[in-house]
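1. A structural model of the following input is requested.
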Amino acid sequence: MDDKTKHPGLSPINDTMLTRESWKIFQIMAEFVEGFERLARIKPSVSIFGSARTKQDDPHYQLTIDIARTLSNAGFSVISGGGPGIMEASNKGAYEGKSPSIGLNIQLPHEQSGNPYQDISLSFRHFFSRKVMFVKYASAYVVMPGGFGTLDELAEILTLVQTKKTRRIPIILVHEPFWRGLIDWFKTTLVETKVISPEDLDLIQILDKPGEILDAIFRHYEHRGFEPSAEEAEILLDL
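-> Residues are numbered from 1 along each chain as shown. Here you go, the predicted structure:
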């Protein structure tokens, strides 16, 4: 008895679509292999996130350039999503600095086009493989004001660190007025209803100046190197 006989509500299988989905695994594998090969030597690096809709005359755009340039001149490769807005500002600042500027571009139906400030440019069809690349080689996350995509990346790294599926790294939110409502909600709702622990809030810092961000990252690694320990490297293999 096949599944359709046992479960009449099931849709019939489209063999052509099933074959296409099965072969997608090779496309996904290719994205991971290329990402691992091209990004393995960029360490230490910092991933910067923020809105694709931020205009060049927005103060956050210039602030992001300053942050990325400061990090780049201090020896950090800078990773962004490769598109416009905050992503462009991140790549531009890094491009003006001493260290590589990396763009992890995503193919979207109506939005993303790559910015011209990328020393290393990768293109992804799948958000999930792209997200692994943001985490795997990052020594810190810097999160500028942004929308759903930015919140997605923030929730992703918080979840991975909280559950110890990746090593602990600095997670820095920039521009306190933008983030204050969210952090207050974390405290008054998530902590109060015990869906997170009070110490989970210690995973996040809110800073506003490039020098403060750089100092916070160096402080985190003051008594250890930027390279993952043997135990952390093992964890990252299962990311």
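2. Please enumerate residues in contact with the helix or strand harbouring E37?
-> E37 is part of helix 15-39, with elements assigned from DSSP states H and E. The set of residues that contact helix 15-39 without belonging to it, under C-beta atoms under 8 Å, 6 or more residues apart in numbering, is 45, 79, 102, 104, 120, 122, 124-126, 129-130, 132-133, 136-137. Every C-beta, even on glycine, is put in place using the N, C-alpha and C of the backbone.
3. among the residues you listed, which two are most distant?
-> S45 and R125 (22.7 Å; C-beta to C-beta).
4. So the two - more neighbours on which side?
-> S45 (23 against 14; other C-beta atoms under 10 Å).
5. I figured that one was touching A138, is that so?
-> Yes. Look at S45 against A138 with C-beta atoms under 8 Å: they come within range, at 5.8 Å.
6. that older thread, buried set for the helix holding E37?
-> Applying a neighbour-count criterion of 16 or more other C-beta atoms under 10 Å, the buried positions in helix 15-39 are 31, 35, 39.
7. Tell me the first helix or strand C-terminal of it.
-> Past helix 15-39, further along toward the C-terminus, the next helix or strand under DSSP H and E is strand 45-49.
8. Show the average pLDDT along that next one.
-> Per-residue confidence for strand 45-49 averages out to 98 on the pLDDT scale.
9. Check what contacts that strand and list those residues.
-> By C-beta under 8 Å, 6+ apart, the surrounding residues in contact with strand 45-49 are 39, 64, 67-68, 71, 76-81, 86-87, 90, 102, 134-135, 137-144, 146, 149-150, 153-154, 217.
10. Just give me the neighbour total for S197.
-> As a burial measure, the neighbour count of S197 was computed by other C-beta under 10 Å and equals 11.
11. oh, I was asking about P170
-> Number of residues near P170 (other C-beta under 10 Å) recorded here: 21.
12. now swap in L182 and tell me
-> Each residue near L182 was counted by other C-beta under 10 Å, and the total is 13.
13. do the same with R167
-> As a burial measure, the neighbour count of R167 was computed by other C-beta under 10 Å and equals 18.
14. just the one 5 residues further on next, same as before
-> Residues contacting I172 under the criterion other C-beta under 10 Å number 23.
15. for the closest residue to L122 other than its chain neighbours, phi and psi?
-> The shortest distance from L122 to any residue other than its chain neighbours is 5.4 Å, reached at L104 (C-beta to C-beta, 6 or more residues apart in numbering). Listed backbone geometry of L104 is phi -100, psi 90, with angles given as degrees, to the nearest 10.
16. Contact partners for L104?
-> Residues in contact with L104 (C-beta under 8 Å, 6+ apart) are 35, 79-82, 122, 124, 130, 133-134.
17. Just the buried ones from the residues you listed?
-> Looking at those with 16+ other C-beta under 10 Å, the buried ones turn out to be 35, 79-82, 122, 124, 130, 133-134.
18. Can you pick out the ones from those that are in helices?
-> The helices in this structure, assigned by DSSP state H, contain 35, 130, 133-134 from the buried ones among the contacts of L104.
19. Just confirm A89 is within a helix.
-> Yes. Secondary structure assignment places A89 in a helix (DSSP: H, G, I helix; E, B strand; the rest coil).
20. Model confidence score at the residue nearest to it when sequence neighbours are not counted, please.
-> Taking C-beta to C-beta, 6+ apart, and ignoring the residues beside it in sequence, A89 has T64 as its nearest neighbour in space, at 3.7 Å. Confidence per residue is given as pLDDT, and for T64 that number is 98.
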